[in-house]
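Participant: 3D, please:
(one chain, ligands or ions: 4)
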Amino acid sequence: NTVSVIGVDFSGGQPKAGVDQGPFQLIQFGLLDQLKELGWEVEFDGSFPNYKKLVPAQDPAIGKMKQPKSVSNVTRALSQHVAAYAKQRHLALTLGGDHSIAIGTISGTAEVYDDLCVIWVDAHAQDINTIDSTDSGNLHGCPLSFLLGLNGEVHPFEWVSPCLTPDRLVYIGLRDVDAPEKKILRELGIKAFSMHEVDRYGIGKVVEMALDHVNPNRTRPIHLSFDVDALDPTVAPATGTPVRGGLSFREGHYICEAVAETGLLVAMDLVEVNPALGDDSGLLQTVTVGCSLARCALGETLL
Ligand SMILES: N[C@@H](CC/C=C/[B-](O)(O)O)C(=O)O
Ligand SMILES: [Mn+2]
Ligand SMILES: [Mn+2]
Ligand SMILES: [Mn+2]
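Facilitator: Ligands and ions are numbered 1, 2, ... in the order given. Just a heads-up that it's a prediction; the model follows:
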C-alpha cells in the first residue's frame, strides 16, 4: 500500500520563523527511504515549494486572526491534496509546518471518510480556541474550532465545512490549556486525556480508553494529528511552544504503535518541528524522534 507524503512549508499559524523548514529536515533525514524500507510504496510529489507560493504579500489581521489569508489559502490547497490521496486510498502523511495546517488535512480526510475519528496528540490547549477566545490570534491555536464549526461563517474560511463532532475527537498529552478552552471542552463534552490521566492510568490504558471513546467497535478510520510539542521538551526540544512535563519518548511511540495496530490509520499529521529552535543536537534529536514516530504509526514494531 501507498503512503503519500505531503511537505507543508508553512509557518503562518504562529509567529516563530523556521517551522516551515520542518518538512525539509524530516525528509533530509531520510524519512522517505525509511518508509520504503518498511515496505510502503512512497509517493512524494515535492509539494512543499508550492505552499509558500500561496502566502500573499499583504495579509492583515481580521479581527483577532493573524495571517488569515495565508492560513486559508494553504489549508484549502492542502485539503484538496489530502482528499485526492485519500480517494486513492493512500495514507496521507502530512509533515508540518505549524498545527494550523490541520484545518486542511482533517477537512481533506473527512471529505473522503465520513465516519472519521481524530486522535489529537498535543501539549496545548487542544488548539480549540475560537477566533474570539484566542488570546494570541495565532491560528495554530484554533484549527479544531473551525473543524467543529464553532466559529460560524468566518471570512476567509467560508470554504471550511464543519466535519467533526465532539464525540469523534479525543486528546492525549494536554498540559497547557487556556481557560476559554477548558470551558469549550466541558460545554462540548470533549474527551481529553491530560498528562494527569497519563500518569494515573499509564499510556496503555489511556490509548485504550481514547480509542474506546472515539472508535468503540474499531471500525472508524483514524486521523492522527501529532504535535511534537506533546512530547516532553527534553525529548523534542526543537518546537515553537514547548511545555515541560510532557510525554516520554516511549509514551509518544506507544501511541503511534497502538494506532498502527488498529489497522485503521488513514492519515497522520506530524507538526510543529521547528529546526530554527534549539541547538544542532536538539534539532537532530527532534527530527530523529519525528521520523521514528511516523515509522511507528506506519507499522514499525520493536520485535
Ligand atoms: N493556546 C495557545 C497556544 C497554541 C498552541 C498551538 B500548537 O499546539 O499548535 O502548538 C494559543 O492559542 O496561542
Ligand atoms: Mn495509487
Ligand atoms: Mn498543536
Ligand atoms: Mn502544541
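Participant: which one of the residues in this structure is closest to ligand 1?
Facilitator: Proximity of the chain to ligand 1 (Cβ to the nearest ligand atom) peaks at residue 141, 2.3 Å away. In short, each C-beta sits where N, CA and C put it, glycine included.
Participant: does that residue touch residue 125 like I think?
Facilitator: Yes. With contact defined as Cβ atoms under 8 Å, residue 141 reaches residue 125; the gap is 6.5 Å.
Participant: overlap in contacts, these two.
Facilitator: residue 178 (Cβ atoms under 8 Å, 6 or more residues apart in numbering).
Participant: not counting sequence-adjacent ones, nearest residue to residue 115?
Facilitator: Of all residues not flanking residue 115 in the chain, residue 220 sits nearest, at 4.9 Å (Cβ to Cβ, 6 or more residues apart in numbering).
Participant: quick one: that neighbour from residue 121, how far?
Facilitator: Distance, residue 220 to residue 121, by Cβ to Cβ, to the nearest Å: 17 Å.
Participant: same question for residue 229.
Facilitator: Where residue 121 is concerned, residue 229 sits at a distance of 10 Å (Cβ to Cβ).
Participant: cool, residue 269 as well?
Facilitator: 10 Å.
Participant: overlap in contacts of the two?
Facilitator: Contacts common to residue 269 and residue 121, judged by Cβ under 8 Å, 6+ apart, are 224, 225, 226.
Participant: what's near enough to touch the second one?
Facilitator: By that I understand residue 225. 99, 102, 105, 106, 118, 119, 120, 121, 122, 268, 269, 271.
Participant: tell me if the fifth one really is in a strand.
Facilitator: Yes. Secondary structure of residue 118 (DSSP: H, G, I helix; E, B strand; the rest coil): part of a strand.
Participant: list the contacts of it.
Facilitator: Contacts of residue 118 (Cβ under 8 Å, 6+ apart): 106, 164, 168, 169, 170, 214, 222, 223, 224, 225.
Participant: and it, what are its bridge partners?
Facilitator: residue 169, residue 223 (DSSP bridges).
Participant: what about the contacts of residue 225, which are in strands?
Facilitator: Taking DSSP state E, the ones among the contacts of residue 225 that sit in strands are 118, 119, 120, 121, 268, 269, 271.
Participant: what number of residues lie near the fourth one?
Facilitator: Spelled out, that is residue 121. For residue 121, the count of nearby residues is 28 (other Cβ atoms under 10 Å).
Participant: quick one: it from residue 243, how far?
Facilitator: Residue 121 sits 13 Å away from residue 243, going by Cβ to Cβ.
Participant: about what we covered before: what is the nearest of the ones in strands among the contacts of residue 225 to residue 10?
Facilitator: Using Cβ to Cβ, residue 271 comes nearest to residue 10 of these, at 9.8 Å.
Participant: so what pLDDT did the closest one get?
Facilitator: Residue 271 carries a pLDDT value of 98.
Participant: what sits closest to it if chain neighbours are left out?
Facilitator: residue 96 (3.2 Å).
Participant: so that neighbour makes contact with residue 275?
Facilitator: No. Counting by Cβ under 8 Å, residue 96 does not reach residue 275; the two are 12.0 Å apart.
Participant: quickly list what's touching both of those two.
Facilitator: Joint contacts of residue 96 and residue 275 (Cβ under 8 Å, 6+ apart) are residue 22.
Participant: neighbour-wise, which of those two wins?
Facilitator: Shown here are residue 96 and residue 275; by other Cβ under 10 Å, residue 96 has more neighbours (34 against 21).
Participant: and the residue in the chain that ligand 4 sits nearest to, what does it touch?
Facilitator: Ligand 4 sits closest to residue 124 of the chain, with a gap of 3.5 Å, by Cβ to the ion. Residue 124 makes contact with 141, 174, 176, 177, 227, 229, 241, 243 under the criterion Cβ under 8 Å, 6+ apart.
Participant: for the nearest residue to residue 110 once chain neighbours are set aside, give me its contacts.
Facilitator: Spatial nearest neighbour of residue 110, chain neighbours left out: residue 163 (3.4 Å); criterion: Cβ to Cβ, 6+ apart. The contact partners of residue 163, by Cβ under 8 Å, 6+ apart, come to 106, 107, 110, 111, 116, 147.
Participant: likewise for residue 233?
Facilitator: When contacts are counted by Cβ under 8 Å, 6+ apart, residue 233 touches 239, 242, 243, 244, 246.
Participant: appreciated, that's everything.
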